[in-house]
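> Provided below are the primary sequence and the corresponding predicted coordinates.
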Amino acid sequence: MTDVQALESDLPADSRLKREMPLIPTDSVAGRALVVVIAIMTFLACLTAGGALLVADASRGWRADVSQEVTIQIKPRSGEDTDAIVAKVAEIAAHANGVAEAHALSKSESERMLEPWLGQGVDLSQLPIPRLIVVRLNATSASDLEPLRAALASGAPQANLDDHRLWLSRLDTMADVIVLFAGSLFLLMIVAMATAIGFATRGAMAGNREIIEVLHFVGASDSFIAKQFQSHFLRLGLRGAAIGGASAILFFMLASLLSNWWSRSAGGEEISALFGAFTLNGIGYVSIFAICAVIAALTGFLSRTIAFSHLRTLL
Amino acid sequence: MLRFENVGLRYGMGAEIVRDLNFNIAPQSFQFLTGPSGAGKTTLLRLMLLSLRPTRGVVKIFGEDASKLDKDKITSLRRRIGVVFQDFRLLEHLTTYENVALPLRVMGRDEAGYRSEVVELLRWVGLGDRMNALPAVLSGGEKQRAAIARALIVRPELLLADEPTGNVDPAMAWRLLRLFVELHKSGTSVVIATHDLALMNQFDYARRLVVGDGRLTVFEPESP
């Protein structure tokens, strides 16, 4: 038995030494308030990041769908057999390099596409409704339309190939704006949280001025004292980030359940088309954990930096 | 060990609280710092502890000019000084054991390595059964003893004590003073601020530094 063990066993059972308690008192109203602020900020940051990921995923889906599909348009001209031309162009397109499938829309299908604008029951037979051929490309050749363009130029010069570039560039812009907006919001939240941590650290230093003074008198270095504040705020940050992150995960799980239920109802398809299934993938959940870790680490780092720079001004 | 040369201190544009202080604390010396209440004893102790900067004069501590010391150096010098505050300054959320072990903890020493020293000292000052008690439940005398134990635990080269026996009964005061004497015999310089004349008279070999009207007068002990 070592001296220390002997010393411990010598003590009454109910007086085993309590030791290595945090030097900064852990439980305070300001500390609890900061946990609440960090929890709310973490929750909002996770929602922003999760929302941006959902939109980015959905826009990738739209882009993949649209970029693998092109449309050939044929305007009817008087004296020509439009159906024959459509069939011929569809045949040429189907055999062009890189094309997986070419499907010519019938005259009635083309007319039905105008119903949302012109209404039902309108006689369109006298109008020169353009005819469409939907061409689905192989995944590997989605960006190379030259073979199809060359085949159409030589075999059917009246056919007009629309590769949706304008639509794609607008989708790109919209997705970029959403991601940029989410990034800006995220940064604003981090700045707001850093400000709150700064106030809380200065408040904690003012509230624990006597403790700091005693620590200085017994020979504690500034870095030792700053480390105590870092540990204190890291604990608060971890607690707040865990609450905020867990709430965000719960929110996304609940939203996923609701969107699944909703997608079976009227109007649900539009929401699904915009946001996909409203379900975060693995990267989304990993991102939430990463945000929580970063926020907790940021809380500790900021408090240490602020405490240290303040301590340098004291004797 | 500690030398004051023409030291004066004022706050802002006010009059000097202490002025023309000239004295030195020799190694292994024992002295009382005395004077009426409000004469500046605590201020003088704070100047010795480097927690106040003089507005004029030179303070030399352990051979170093205090005005030229950076914070890290001040920290390392403070580790050679033990201090007992008049108002104890125990950390309210730490137990007696943790308060006494604090100077060793801030030095980065392993807790298992100093546990026996702390427990032994606590038993010596009569706090063996109060090790897990928080300061809030300690009596004034117990707090005083805990504060003294905290100052002694590092075996300082210089001990500064502000009214260390003010809250204890005569028997305990005598016991604590014996502790200071033992510390002095083992090589520590001791400065005890007090206005207890009876206490000072028991140590006729001690120097007396008398503060009054902002100035300090040194009375050397009479030779036997």
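Yep, it's here.
> which helices and strands does the stretch of helix or strand residue A:154 belongs to pack with?
Remark: residue A:154 resides in helix A:146-155, with elements defined by DSSP states H and E. With contacts defined as 3 or more CB pairs under 8 Å, 6 or more residues apart in numbering or on different chains; DSSP states H and E, the packing partners of helix A:146-155 are helix A:82-95, strand A:159-162. Yep, even glycine has a C-beta here, placed from its N, CA and C like the rest.
> show me what from the stretch 201-315 of chain A comes close to chain B.
Near chain B, the residues belonging to the stretch 201-315 of chain A are A:210-211, A:213-222, A:224, A:312, A:315 when assessed by CB under 8 Å from any CB of the partner chain.
> out of the helices and strands packed on helix A:146-155, nearest to residue B:195?
With CB to CB as the criterion, residue B:195 lies closest to strand A:159-162 of the helices and strands packed on helix A:146-155, at 100.8 Å.
> what sits against the residue nearest the centre of chain B?
Using CA atoms, centre = their mean, the residue of chain B that lies closest to the mean C-alpha position is residue B:160, 1.7 Å off. By CB atoms under 8 Å, 6 or more residues apart in numbering or on different chains, residue B:160 lies in contact with B:45, B:48, B:49, B:81, B:82, B:83, B:84, B:191, B:193.
> chain A contacts on chain B?
By CB under 8 Å from any CB, the part of chain B that sits against chain A consists of B:49-53, B:71-72, B:74-76, B:78-79, B:83, B:89, B:91, B:93-95, B:97-98, B:101-103, B:105-108, B:111-112, B:115-116, B:119, B:129, B:131-132, B:150, B:154.
> if we can go back for a sec, list the buried residues in the helix holding residue A:154.
The neighbour-count criterion (16 or more other CB atoms under 10 Å in any protein chain shown) identifies A:148, A:151, A:152 as the buried residues of helix A:146-155.
> identify the bridge partners of the residue nearest to the last one when sequence neighbours are not counted.
Right, residue A:152. With CB to CB, 6 or more residues apart in numbering or on different chains as the measure, residue A:159 is the residue that lies nearest to residue A:152, at 4.8 Å, once sequence neighbours are left out. Legend: beta-bridge partners of residue A:159 under DSSP bridges are residue A:74.
> identify the residues contacting residue A:159.
A:72, A:73, A:74, A:89, A:133, A:152.
> touching, the second one and residue A:132? I think so.
This points to residue A:73. Yes. At 5.9 Å, residue A:73 counts as touching residue A:132 under the criterion of CB atoms under 8 Å.
> tell me which of those two has more neighbours.
residue A:132 (19 against 14; other CB atoms under 10 Å in any protein chain shown).
> quick one: secondary structure of that one?
Secondary structure assignment for residue A:132 (DSSP: H, G, I helix; E, B strand; the rest coil): strand.
> so who does it touch?
Residues A:71, A:72, A:73, A:74, A:104, A:105, A:110, A:113 are the ones in contact with residue A:132 under the rule CB under 8 Å, 6+ apart.
> and stretch A:29-38, what's buried?
Residues of stretch A:29-38 classed as buried by neighbour count (16+ other CB under 10 Å): A:31, A:34, A:35, A:37, A:38.
> what is the burial count for residue A:181?
Counted with other CB under 10 Å, the burial measure for residue A:181 works out to 14 neighbours.
> where does it fall, secondary structure wise?
Since the elements are taken from DSSP H and E, residue A:181 ends up inside helix A:165-207.
> which strands or helices does that helix pack on?
Packed on helix A:165-207, when contacts are counted by 3+ CB pairs under 8 Å, 6+ apart, are helix A:29-67, helix A:222-262, helix A:282-311.
> quick one, phi/psi of the closest residue to chain B within the stretch 1-150 of chain A?
Using CB to the nearest CB, residue A:25 is the residue of the stretch 1-150 of chain A that sits closest to chain B, at 4.6 Å. Recorded main-chain torsions at residue A:25 are phi -50, psi 130, according to degrees, to the nearest 10.
> OK, contacts around residue 158?
Assuming you mean chain A. Counting by CB under 8 Å, 6+ apart, residue A:158 touches A:74, A:75, A:77, A:85.
> please refer instead to chain B.
B:1, B:2, B:25, B:48, B:80, B:81, B:82, B:188, B:189, B:190, B:191.
> how near is it to chain A?
13 Å (CB to the nearest CB, to the nearest Å).
> mind pulling up the pLDDT for that residue?
In this model, residue B:158 is scored at 95, pLDDT.
> repeat that for residue A:53.
86.
> which elements pack onto the helix ranked longest in chain B?
Longest among the helix segments of chain B by residue count, using DSSP state H, is helix B:170-185. Contacts defined by 3+ CB pairs under 8 Å, 6+ apart place helix B:170-185 against strand B:30-34, helix B:140-152, strand B:158-162, strand B:189-193.
> in stretch A:45-58, which residues are buried?
The neighbour-count check on stretch A:45-58 (16+ other CB under 10 Å) flags A:45-55, A:57-58 as buried.
> which residues of chain B score low on pLDDT?
For chain B, residues meeting the criterion pLDDT under 70 lie at B:223-224.
> okay, and residue A:109 sits in which element?
Judged by DSSP H and E, residue A:109 forms part of helix A:107-112.
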